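In: can you look at this prediction? I've put the sequence above it.
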Amino acid sequence: MITGLDHVVVLTGDITAASAAYETLFARAPSWRYSGGGADRTLFTLDNTTLELVAPHGDDDAAQHIRNALATQGEGLASLCFRTSDIARTYRRLDRLTLKPEPVAEVESRDDTSGATLSWKRTRAATDATRGVRMFFLERAQERPLSVRTTPASITAMDHVVVSTADPERAAALYGARLGLDMALDRSHPDWGRLMFFRCGDLVVEVTHRPGKESNKAQADAPDRLRGICWRVADIDATRARLVAAGVDVSEARTGRKPGTRVMTVRNGTCGVPTLLVQPSQGKPD
């Protein structure tokens, strides 16, 4: 049903500042900009997925809905959009699995710079059925253009997106059995809790559960949350030097949890999204 993670949505109150911040982080130019549905949108398309920045525009109900979300939760990750090759079949499966999908809608956008158009079909599962994480499912008619690299040591692709849960068994059932993602890892540790990796194309949806979250039913019933993103780089030392020179606050590079990897934390310029960069090992990337 799902062939990959088409894009993630990040809400921001200032589309211009957010676009500049991510152009600095990625060292890649926006690939698509458009307005509509109460929002200004800037897209960065990397080698395996897209980050979509969304800011309110205008005074209609859709724009006010985005403003309300920003007032409630602040800037940050807002939703996941999975790609499918057959939206009608996906809709039927979501409906059979009681994920309560919305009717399939046909959507088109026109890039502000080139005038080119893209079209797609999409549906959305009910948030109360996806444990609080907003999920869309999309069939695209054509590929998006890639974001052009502006300087060396750019971000290449997404490595993983993190979802935190208070109920790992229900989360495993959602991402594995119901959405059909391949569980590649299920590991527990007394210090950092339980980690589950679900492969989605060539990246991973990482579901985390911290110790103590199951202490009572109210906590176990708490909604899941989108917690952060890890991006891949080819040379973490070169990327760190580039970001430091651009004034981005980053940590020192350190040894990653997976043997052979090196990681660093990006502390600002991400619109409130906890962000990690990883240089993968020489083997198959996570």
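Out: Everything's here; your move. Residues are numbered from 1 along each chain as shown.
In: what stretches of the stretch 151-286 of the chain score poorly on pLDDT?
Out: Counting by pLDDT under 70, the ranges of the stretch 151-286 of the chain that qualify are 212-220, 282-286.
In: now do the helices in it.
Out: Secondary structure of the stretch 151-286 of the chain (DSSP state H, counting those that start in this stretch): helices at 168-172, 217-220, 236-245.
In: pipe the ones you listed into JSON lines and attach mean neighbour count and distance to residue 263 per row.
Out: In this view, the C-beta of every residue, glycine as well, is placed from N, C-alpha and C. Below are these laid out as JSON lines (neighbours: other C-beta atoms under 10 Å; distance: least, C-beta to C-beta, whole Å):
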{"stretch": "helix 168-172", "mean neighbour count": "18", "distance to residue 263": "23"}
{"stretch": "helix 217-220", "mean neighbour count": "11", "distance to residue 263": "29"}
{"stretch": "helix 236-245", "mean neighbour count": "17", "distance to residue 263": "7"}
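In: for residue 148, which of the ones you listed is the nearest?
Out: helix 236-245 (16.1 Å; C-beta to C-beta).
In: which helices and strands does the closest one pack with?
Out: Counting contacts by 3 or more C-beta pairs under 8 Å, 6 or more residues apart in numbering; DSSP states H and E, helix 236-245 packs against strand 262-266, strand 275-279.
In: winner for burial among these?
Out: Sort the helices and strands packed on helix 236-245 by mean neighbour count, taking mean count of other C-beta atoms under 10 Å, and strand 275-279 sits at the top with a mean of 21.
In: contacting residues around it?
Out: Outside of strand 275-279, the residues within contact range by C-beta atoms under 8 Å, 6 or more residues apart in numbering are 25, 155, 159, 228-236, 239, 250, 253, 256, 261-266, 286.
In: now it - C-alpha only, CSV.
Out: The C-alpha coordinates for strand 275-279 follow below in CSV (Å, rounded to 0.1, in the frame of the first residue of the first chain):
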residue,chain,number,x,y,z
THR,A,275,17.1,17.7,14.4
LEU,A,276,20.0,15.3,14.1
LEU,A,277,22.5,14.8,11.3
VAL,A,278,24.1,11.5,10.6
GLN,A,279,26.9,10.3,8.5
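In: pull the distance from it to the chain's centre.
Out: What separates the centre of strand 275-279 from the centre of its chain is 14 Å, taken as C-alpha atoms, centre = their mean, to the nearest Å.
In: need the helices of the stretch 151-286 of the chain in TSV with distance to residue 111, can you?
Out: What follows is the helices of the stretch 151-286 of the chain, written out as TSV (distance: least, C-beta to C-beta, whole Å):
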stretch	distance to residue 111
helix 168-172	37
helix 217-220	45
helix 236-245	27
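In: out of those helices, which is closest to residue 281?
Out: Between residue 281 and those, the shortest gap by C-beta to C-beta is with helix 236-245, which sits at 12.0 Å.
In: gap between residue 241 and residue 136?
Out: 37 Å (C-beta to C-beta, to the nearest Å).
In: what's the answer for residue 126, then?
Out: Counting by C-beta to C-beta, the gap from residue 126 to residue 136 is 12 Å.
In: more neighbours: those two, which one.
Out: residue 136 (18 against 14; other C-beta atoms under 10 Å).
In: ok, the closest residue in space to residue 149 that isn't next to it in sequence - contacts?
Out: Nearest residue to residue 149 in three dimensions, chain neighbours excluded: residue 28, at 5.4 Å (C-beta to C-beta, 6 or more residues apart in numbering). Listed by C-beta under 8 Å, 6+ apart, the contact partners of residue 28 are 44, 46, 147, 148, 149, 150, 154, 155.
In: looking at the residues you listed, which are in strands?
Out: Judged by DSSP state E, the contacts of residue 28 include 44, 155 as members of strands.
In: out of the contacts of residue 28, which end up buried?
Out: Buried by 16 or more other C-beta atoms under 10 Å: 44, 46, 147, 154, 155, out of the contacts of residue 28.
In: widest-spaced pair of the residues you listed?
Out: The widest separation within the buried ones among the contacts of residue 28 (C-beta to C-beta) is 10.7 Å, between 44 and 154.
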